[in-house]
Structure formats: C-alpha cells, structure tokens
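K.L.:
one predicted model, sequence on top.
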Amino acid sequence: MKVYMRMLWEFDITQETRFMELEKKFVELEKRRPDYPKGGKRLQVISGLSPCNSITWEKEFDSLEDAYAMVEFFKGDDEHENLAELQRPLFRNFRIEFYKVLEF
C-alpha cells in the first residue's frame, strides 16, 4: 500500500527569516548527501487550514514501513540532528501525518 507522508511545522512568525535560512541548510544537506531521501517537496501555506507561518514537507512512499524508516534515518543522522537542534526552538507546532494513497 502506497503511503503519503506530510510533516508540518508552524514556526514563530517573528523568526521566519531564521527559520527559512535553516530550512535552506536542510535542502543543501539533502542535495549534498547521496544517502538522503530524494523527491520530497517543501510547501508554504498561502491559504488553508494551517496558518501562513507554516511549511510542509511531503513525499509518497511505497509503504508505511518505508515512511517510518525515513523518519528514523533523520533521527539517527548527526548532521540532520545538529540543524534540527537549531530549528526546534523556532517551532510553535509540529506534526506528522500519514495518508493511504487510494488507487482505484
């Protein structure tokens, strides 16, 4: 079963510039490292249920296990964790959502 995973961050609007600077460093890390998952998309809300000071990272996986494995990969990677430690204080909310991809 294919799964769509979304990670959603709401950040302190007064720290948007710093938050986005750190997010760019995540992008650079992903591009530089061949072992990093590819194909994820980053989106910023223009209009929707989440506030405009939110971003989403999303990607489709072949299974729920593959999606969880990516989350565990990030947790276990020192470079990712070093950047995450700098960014976490700027979070207001964070959540991960999983969706079953309907293939009729």
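P.N.:
Cool, the structure landed.
K.L.:
what residues of stretch 4-21 count as buried?
P.N.:
5, 7, 8, 9, 10, 11, 15, 19 (16 or more other Cβ atoms under 10 Å). (Each C-beta comes from the backbone N, C-alpha and C, glycine too.)
K.L.:
nope, stretch 33-42 is what I meant
P.N.:
Buried residues in stretch 33-42 (16+ other Cβ under 10 Å): 36, 40.
K.L.:
now do the strand or helix carrying residue 19, average pLDDT.
P.N.:
According to DSSP states H and E, residue 19 maps onto helix 16-32. Helix 16-32 shows a mean pLDDT of 95.
K.L.:
mind listing residues that contact that helix?
P.N.:
With Cβ atoms under 8 Å, 6 or more residues apart in numbering as the test, helix 16-32 has contacts from 11-12, 36-38, 40, 42, 53, 55, 79-80, 83, 86-87, 90.
K.L.:
tell me the pLDDT at residue 103?
P.N.:
88.
K.L.:
and it, that's in a strand?
P.N.:
No: counting by DSSP: H, G, I helix; E, B strand; the rest coil, residue 103 is not found in a strand; it is coil.
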